[in-house]
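> Okay, here's the prediction I keep looking at, along with the sequence it came from:
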Amino acid sequence: MSMAPETAMKRLSIFMVFLGAALILTIPFAFEVWPAGFRWGHPHGHAPYERMIISIYVSLGICMIVASRDPLKNAIIIDFAILSSILHGGVMTYDSFAQDGELMHMLGDVPLLFAVAALLWFYHPRRLVRGDGPGSTRTTTD
């Protein structure tokens, strides 16, 4: 089933608003709601580190909501979100195995980062404009 590029771009915009709102509204509380899945050094944590991470992700959430108005024009914020999610997830994957007591992150923040990167890549506006995004009728021989 193919999807028109305009429909895919609209879905991307909706996902960006959803992601932005989720970052703003949930990240500040994630450390308390599921400490084993989000807090490093659980149960003790590192309050300054947590505040820093929260501020960065709330900022990204605000940028996602603003960028959702014109995803193609603001593709750089999507690029940043993809790249930073992959790199952050990669570092946390390593640390989940390298540090004692941190394996629950493989069920918490680590897969969330990789899922966000995958969805943003799948609906990336430059892919949609090129015609190789979701619903593309383009074939590999085109």
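Now that the structure is in, tell me what you want to look at.

> worst-scoring helix or strand of the protein, pLDDT-wise?
Ranked by mean pLDDT, DSSP states H and E, the weakest helix or strand in the chain is helix 35-38, scoring a mean of 86.

> Following the chain onward from that helix, which element is next?
Of the helices and strands lying after helix 35-38 in sequence (DSSP states H and E), the nearest is helix 47-67.

> could you point out which element follows that next one?
Per DSSP H and E, the helix or strand that comes after helix 47-67 is helix 75-98.

> between the helix or strand following that next one and helix 47-67, how many degrees?
Moving toward the C-terminus from helix 75-98, the next helix or strand (DSSP H and E) is helix 109-122. Counting by axes from the mean of the first three to the mean of the last three CA atoms, to 10 degrees, helix 109-122 points 20 degrees away from the direction of helix 47-67.

> elements contacting the following helix or strand past helix 109-122?
Next helix or strand after helix 109-122 toward the C-terminus (DSSP H and E): helix 125-130. Contacts defined by 3 or more CB pairs under 8 Å, 6 or more residues apart in numbering; DSSP states H and E place helix 125-130 against helix 5-33, helix 75-98. Yep, even glycine has a C-beta here, placed from its N, CA and C like the rest.

> Report the mean per-residue pLDDT for the last one.
Averaging pLDDT along helix 75-98 gives 97.

> in that helix, what's buried?
Going by neighbour count (16 or more other CB atoms under 10 Å), the buried part of helix 75-98 is 75, 77-78, 81-82, 84-86, 88-89, 92-93, 96.

> Report the central residue of the chain.
In the chain, the centroid-proximal residue (CA atoms, centre = their mean) is Val116; its distance is 3.3 Å.

> gap between it and Arg127?
16 Å (CB to CB, to the nearest Å).

> so what does the least confident helix or strand of the chain touch, helix or strand wise?
Using 3+ CB pairs under 8 Å, 6+ apart: helix 35-38 touches helix 5-33.

> residues of the helix it packs on that come out buried?
5, 8-9, 11-13, 15-17, 19-20, 22-24, 27-28, 30-31.

> pretty sure Asp63 is touching Ile77, no?
Residue 63: Cys, not Asp. Yes - checked against CB atoms under 8 Å, the pair Cys63 and Ile77 is within contact range at 5.0 Å.

> Thank you, goodbye.
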